[in-house]
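*Asks:* Return atomic coordinates for the entry below.
(one chain, ligands or ions: 1)
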Amino acid sequence: MTEALLHVCRTCSRYTLAEVCPSCGGPTRSPHPPRYSPEDRWGKYRRALLARAALEGAAP
Ligand SMILES: [Zn+2]
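*Replies:* Numbering: from 1, shown residues only. All right, here's what the predicted structure looks like:
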């Protein structure tokens, strides 16, 4: 998972690959909450649109 490689500082919001911020020494976290998956969320709509387009054919 590429998310596990990138972290963001809780304090200064600096992006880093380390688990400790190189700027302020504060703890870092994953920039994306693990339970939130925007790709899947929008993929649901995208696939729905593609399926609908396939059924209806090319839009005018
Ligand atoms: Zn920091």
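
*Asks:* Tyr15 pairs with what?
*Replies:* Beta bridges link Tyr15 to Val8 when assigned by DSSP bridges.

*Asks:* One more: the one 5 residues further on?
*Replies:* Listed by DSSP bridges, the beta-bridge partners for Val20 are Pro27.

*Asks:* these two touch, right, it and Arg29?
*Replies:* No. Assessed by C-beta atoms under 8 Å, Val20 is found out of contact with Arg29, at 11.4 Å. For every residue, glycine as well, the C-beta is placed using N, CA and C.

*Asks:* Quick check on Gly26: phi, psi?
*Replies:* phi -80, psi 170 (degrees, to the nearest 10).

*Asks:* burial of it, as a residue count?
*Replies:* 12 (other C-beta atoms under 10 Å).

*Asks:* Show me what from the chain comes close to the ion.
*Replies:* Within the chain, the positions adjacent to the ion are Cys9, Thr11, Cys12, Arg14, Cys21, Ser23, Cys24, Gly26 by C-beta under 5 Å from the ion.
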